[in-house]
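> below is the structure, and that's it, no one-letter string:
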């Protein structure tokens, strides 16, 4: 049995190669990575406008349900 294997997995997990491997961000090199910014177009409205639009939509829905 080799010296590295005689210490069990603890010796291998402390190996500099294993530690460096775990720090590599493989997604940084993947062309198929989907970025959050590619999922949707940003809403050009400001927060206050969004709130007003939501309240108007809620009032419209309530009105429709009350009929």
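Good, I have the coordinates. Quick caveat, the model's predicted, so the values are computed rather than measured.

> which parts of this structure are helices?
3-6, 9-13, 16-23, 47-66 (DSSP state H).

> low-confidence ranges in this protein?
1-22, 27 (pLDDT under 70).

> got the phi/psi numbers for the closest residue to residue 50 other than its chain neighbours?
Distance criterion C-beta to C-beta, 6 or more residues apart in numbering; nearest residue to residue 50, sequence neighbours excluded, is residue 43 at 6.8 Å. C-beta here means a position set from N, CA and C on the backbone, and glycine is covered the same way. In terms of degrees, to the nearest 10, the main-chain angles of residue 43 are phi -80, psi 120.

> any idea how far residue 50 is from residue 34?
Note on residue 34: its distance to residue 50, by C-beta to C-beta, to the nearest Å, is 25 Å.

> burial of residue 51, as a residue count?
11 (other C-beta atoms under 10 Å).

> quick one, what contacts it?
If you count contacts by C-beta atoms under 8 Å, 6 or more residues apart in numbering, residue 51 has none.

> ok, it to residue 60 distance?
In terms of C-beta to C-beta, residue 51 sits 15 Å off from residue 60.

> before we move on, what about residue 42?
On the measure of C-beta to C-beta, residue 42 and residue 60 end up 25 Å apart.

> also residue 43?
From residue 43 to residue 60 the distance is 19 Å (C-beta to C-beta).

> do residue 29 as well
Taken as C-beta to C-beta, the span from residue 29 to residue 60 is 48 Å.
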